[in-house]
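Q: coordinates only, sequence not included:
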């Protein structure tokens with residue numbers, strides 16, 4: 001089996017101001033905690049990816065600058081990972097400035113150093129950051145798995161469209177139960 005790494009994307013305070021995500025928060029966090037515990041138990045890296053921008057928006061996206069959108073601002077609670085998510089000292093954290101986990105982050109080098117050959121995605125928003133991460137991994141010939149219970153979007157329609165688009169093409173949609181079964185030998189089960 002290729003060496004996997006779990007990437008948890010944008011599980012941040014500012015993402016959960018949207019009503020649809022607020023409703024999913026508890027279940028999503030519980031599923032992600034289960035996923036990251038499984039990964040650590042199997043000796044697989046867990047990478048937390050979060051978005052953060054300077055207070056003057058100098059490194060923000062075009063629309064943020066044009067509209068004065070002040071989300072994920074450094075020095076505020078906005079870009080912080082949700083408190084209910086369980087993190088470990090062995091986990092890795094990456095700060096990104098755009099939708100893609102690859103754009104300007106040095107992730108390619110990290111994947112090479114860790115000998116990672118499978119990307120497992122969790123987090124939000126499915127139609128934006130999850131989809132872009134999957135496409136960019138696919139462009140690098142890296143297999144991608146998306147854990148169904150561990151992704152969500154503020155836009156449920158586009159979540160569904162994105163999941164259908166990615167499944168069986170650029171990614172494989174899997175479940176926590178399927179991952180538990182897949183990793184059972186490594187977990188001694």
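A: Cool, got the structure. This is a predicted model, so every value here is computed, not measured.

Q: quick check: longest strand of this structure.
A: strand 144-152 (DSSP state E).

Q: next helix or strand past that one?
A: Secondary structure here is assigned by DSSP states H and E; on that basis, the next helix or strand after strand 144-152 toward the C-terminus is helix 156-166.

Q: packing partners of that next one?
A: Helices and strands touching helix 156-166, as assessed by 3 or more C-beta pairs under 8 Å, 6 or more residues apart in numbering; DSSP states H and E, comprise helix 131-139, strand 144-152. Any C-beta I mention is one placed from the backbone N, CA and C, and that applies to glycine too.

Q: so that helix versus helix 131-139, what angle?
A: In this structure, helix 156-166 runs at an angle of 10 degrees to helix 131-139, with axes from the mean of the first three to the mean of the last three C-alpha atoms, to 10 degrees as the basis.

Q: once you drop chain neighbours, what's closest to residue 9?
A: Closest residue to residue 9 in three dimensions, ignoring its sequence neighbours and counting by C-beta to C-beta, 6 or more residues apart in numbering: residue 123, at 3.4 Å.

Q: my guess is that neighbour contacts residue 11. True?
A: Yes: with contact taken as C-beta atoms under 8 Å, residue 123 and residue 11 are classed as touching, separated by 5.3 Å.

Q: list residues touching both of these two?
A: residue 32 (C-beta atoms under 8 Å, 6 or more residues apart in numbering).

Q: returning to what we had before: now do the helix or strand harbouring the residue nearest to residue 9: everything it contacts.
A: Taking DSSP H and E as the definition, one finds residue 123 inside strand 118-124. The contact list for strand 118-124 (C-beta under 8 Å, 6+ apart) reads 1-11, 15, 21, 28, 31-32, 35, 39, 49, 129-130, 133-134, 137, 142-147, 150-154, 171, 179.

Q: just the buried ones from the residues you listed?
A: In those, burial by neighbour count holds for 4-11, 15, 21, 28, 31-32, 35, 39, 49, 129-130, 133-134, 137, 142, 144-147, 150-154, 171, 179, counting by 16 or more other C-beta atoms under 10 Å.

Q: which residues sit against the longest strand of the chain?
A: Applying C-beta under 8 Å, 6+ apart, the set of residues contacting strand 144-152 from outside is 4, 8, 20-21, 24, 27-28, 31-32, 35, 118-126, 130, 133-134, 137-138, 159, 163, 166-167, 170-176, 179.

Q: strands paired with that strand, and their directions?
A: strand 118-124 (parallel), strand 172-174 (parallel) (DSSP bridges).

Q: show me what counts as buried in the longest helix along the chain.
A: Among the elements of the chain assigned as helix by DSSP state H, the one spanning the most residues is helix 19-41. Burial within helix 19-41, assessed by neighbour count using 16+ other C-beta under 10 Å, is assigned to 21, 24-25, 28-29, 31-36, 38-40.
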